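> Here is the input, now give the coordinates:
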Amino acid sequence: MLGLAEQAALLAQGEVSSEELVGEALRRIDERRSLGAFRVVRDAAVLEARAADKRLKDGERLPLLGVPV
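Residues are numbered from 1 along each chain as shown. Down below sits the predicted model:
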């Protein structure tokens, strides 16, 4: 698992999309389902990632735009 700075750098370089990062985070959540920490995130997270990818594609840059937190 990459840290926030590494994820932000990969997004800025176009090496990965926010939707891919969110997908990986959701897979990790699924692996740890027994924690019960995340109940309703999947749909909202994917929609927010798609919106962030569009903003990044349009040239917007913020330090953590598109990084799942």
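
> Count the neighbours of residue 11 for me.
22 (other C-beta atoms under 10 Å). C-beta here means a position set from N, CA and C on the backbone, and glycine is covered the same way.

> Not counting sequence-adjacent ones, nearest residue to it?
residue 66 (4.8 Å; C-beta to C-beta, 6 or more residues apart in numbering).

> which residues touch the lowest-mean-pLDDT helix or strand in the chain?
For the chain, counting by mean pLDDT, DSSP states H and E, helix 18-31 ranks last in confidence among helices and strands (a mean of 90). Contacts with helix 18-31, where a contact means C-beta atoms under 8 Å, 6 or more residues apart in numbering, come from 1, 7, 11, 37-38, 41-42, 45-46, 48-50, 52-53, 56, 65-68.

> Just the pLDDT at the residue nearest to residue 11, thanks.
Here the pLDDT value assigned to residue 66 is 95.

> how far away is it from residue 23?
13 Å (C-beta to C-beta, to the nearest Å).

> So if I had to pick from these two, which one is more boxed in?
residue 66 (27 against 15).
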